[in-house]
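In: Below are the sequence and a predicted model for it; my questions follow.
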Amino acid sequence: MDFETKHFTLDEAQSLLPLLESLLKRAIEAKGAADEVEQEFRELSQNIFMSGGMFLDVDRLRRRRKTLDAHAQQAKDLIAEIDSIGVQVKDLETGLLDFPCLVEGETVLLCWKMGEARIEFWHTLEGGFRGRQPLDARFPGKTGGSGRETLH
């Protein structure tokens, strides 16, 4: 892509968490609802195969397909909204987000997972979730336990 990557400071990323968590939860719910309807279709397909055919309520199936499409689109739209902020959705299932951040002239990713109270980890672009490391003094705005004091 031809656009420049947005870089976040730790404080900027941290301040976005309430909004992002809300968007993420809604995207996860929409995906879950779509998955449920998809499972209905898989079970119906299996039943048709096992019974050698059956009469179907085509109107009901059409409505369920529209429901599936609406939930899937809602999830895509919410992910696109997060992406438009400059935040990367790495895993919707677990609620894993990465925030590009410039540290000592290098782009790294601040890493946050749903359920974590605040951003406490980072990793290299190649490192991924397995390469997560605790934030250190190179990250301006890194705060201690209460979230109020700043390291100098």
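Out: That came in fine, so what should we check first?
In: could you pull out the strands for this protein?
Out: For the chain, the strands defined by DSSP state E occupy 88-91, 96-103, 106-113, 121-123, 133-134.
In: Out of those strands, flag the one nearest Leu19.
Out: strand 96-103 (11.4 Å; CB to CB). C-betas here are computed from N, CA, C, even on glycine.
In: for the closest one, which positions count as buried?
Out: Buried positions in strand 96-103, judged by neighbour count with 16 or more other CB atoms under 10 Å: 96-101, 103.
In: swap in stretch 35-46?
Out: Val37.
In: Please apply the same query to stretch 103-117.
Out: Per 16+ other CB under 10 Å, stretch 103-117 contains these buried residues: 103, 108-114.
In: how about TSV for the strands of the chain, with distance to Lys6 and mean pLDDT added?
Out: Below are the strands of the chain laid out as TSV (distance: least, CB to CB, whole Å; pLDDT from 0 to 100):
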stretch	distance to Lys6	mean pLDDT
strand 88-91	10	96
strand 96-103	6	96
strand 106-113	11	96
strand 121-123	16	96
strand 133-134	22	95
